[in-house]
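Asks: what's the 3D shape of this:
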Amino acid sequence: MNWSWLLSPPAAFLIILAAGVCFFGVLSGLALRKGRIGAGAKPYACGEETPDQKVQPDYSQFFPFAFFFTILHVIALMTTTMQVGTLATLCIALIYVLGGFVGLSVLYRR
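Replies: Down below sits the predicted model:
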């Protein structure tokens, strides 16, 4: 029997999707539900009562790093997948690199 069809992307996707649904079904019994919160469900805080306040995360330092890696990865992907040997592709690769330098200089300007 030929099992090579299992390696095709649609079949692999369906297999992984089925495994995920099975894991969700099995592990959903362990999840903490709102109606089942008991005395032991409160986080341990050294015996102190913790004030109920919402944390406001600050992502201002995260975004420059995320954009930095996004720009560099797009440049690396585009330049490494180009066909080598012609002057036009060299010019296009240099334009991508120059665009990356401009994007990073704008990102980190003071």
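Asks: and the residue most central in space within the chain, what's its pLDDT?
Replies: Compute the mean C-alpha point of the chain, and by Cα atoms, centre = their mean the closest residue is residue 66, 10.4 Å away. Here the pLDDT value assigned to residue 66 is 86.
Asks: what does residue 105 give?
Replies: So residue 105 comes in at 84 (pLDDT).
Asks: need the contact list for it.
Replies: For residue 105, the contact set (Cβ atoms under 8 Å, 6 or more residues apart in numbering) is empty. In this view, the C-beta of every residue, glycine as well, is placed from N, C-alpha and C.
Asks: flag every buried residue along the strand or helix carrying it.
Replies: Here residue 105 sits within helix 87-107, counting by DSSP states H and E. Residues of helix 87-107 classed as buried by neighbour count (16 or more other Cβ atoms under 10 Å): 93, 96, 100, 103-104.
Asks: nearest to residue 58, of those?
Replies: residue 104 (22.6 Å; Cβ to Cβ).
Asks: helix/strand/coil for the residue lying closest to that closest one once chain neighbours are set aside?
Replies: Leaving aside its chain neighbours, residue 104 sits nearest to residue 71 (6.1 Å; criterion: Cβ to Cβ, 6 or more residues apart in numbering). Here residue 71 is recorded as helix under DSSP: H, G, I helix; E, B strand; the rest coil.
Asks: where does pLDDT dip in this protein?
Replies: For the chain, applying pLDDT under 70 flags the ranges 32-52, 110.
Asks: ranges for the strands of it?
Replies: According to DSSP state E, the chain carries no segments that qualify as strands.
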